[in-house]
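Enquirer: Below is the sequence, then the predicted model.
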Amino acid sequence: MRVIAGKFRSRQLKGPGKLRLRPTSDRLRETLFNILGPAIEDSLFVDAYAGTGAIGIEAISRGAREAVFIESHAASARLVRQNLEALGIRAGAEVIEANAVRGLERLAARHRMADFIFLDPPYERDEECLLVLEFLDSSHLIAPGGIVIVEHRRKTELPERFDRLEQTRLLEQGDAALSFYRLAAAA
């Protein structure tokens, strides 16, 4: 695993080893960040279900002001911290060791507004993913113009609309898919 572009371009990241993680492929990560483009600069980027931290680290590498990594498993949270340390990233990164909803609740309680929230739950946890999206739909954690991105199995269909969130794009690549959500214009 490597950082694809930006300040830390081509730097290697420590992979999952024996941890049961499914890191986002380099190809899909590159596609994602090509879509997000320069909007990443000076953003608050949340990487929920962070795993290795590769997504949030890519955001920092491309100019995000801050990345928050939410990871519930202690060994994976340690891996994120190791990858941050290996790159010398000390400022502008926070690791929250909690499940996705609890981590997002902590951010919301601090009145944070994220420009990007990336969710990459284990593919077999579709129900949990829906709970997180429902939480985000009812919270004020998403900045105006903010985007929620969900990585999921290509064959998994996520709702096109919640009360406030609506799917604006679906990108399929191999067995994976990315669903992009924004706050609806009328919200």
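Expert: Yep, it's here.
Enquirer: Quick one: the helices in the protein, in order.
Expert: In the chain, the helices defined using DSSP state H lie at 26-36, 54-61, 74-86, 100-109, 126-138.
Enquirer: Select, out of those helices, the one closest to Pro144.
Expert: helix 126-138 (14.2 Å; C-beta to C-beta). C-beta coordinates here come from the backbone N, C-alpha and C atoms, glycine included.
Enquirer: buried set for that closest one?
Expert: 128-129, 132-133, 135-137 (16 or more other C-beta atoms under 10 Å).
Enquirer: So what touches the lengthiest strand in the chain?
Expert: Using DSSP state E to define each element, the chain has its longest strand at strand 142-153. With C-beta atoms under 8 Å, 6 or more residues apart in numbering as the contact definition, strand 142-153 has outside contacts at 24, 28, 32, 36, 44, 113-121, 123, 126, 129, 133, 136, 158, 165, 175-183.
Enquirer: Just the buried ones from these, in ChimeraX syntax?
Expert: In ChimeraX, this line selects whichever of these come out buried by 16+ other C-beta under 10 Å:
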select :24,28,32,36,44,114,115,116,117,118,119,120,121,129,133,136,158,165,176,177,178,179,180,181,182,183
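Enquirer: any idea how far the residue nearest the centre of the chain lies from Ile55?
Expert: Nearest to the geometric centre of the chain sits Phe118, at 2.3 Å (C-alpha atoms, centre = their mean). Separation of Phe118 from Ile55 (C-beta to C-beta, to the nearest Å): 5 Å.
Enquirer: what's the overlap in contacts for those two?
Expert: Any residue near both Phe118 and Ile55 by C-beta under 8 Å, 6+ apart counts here, and that gives 32, 47.
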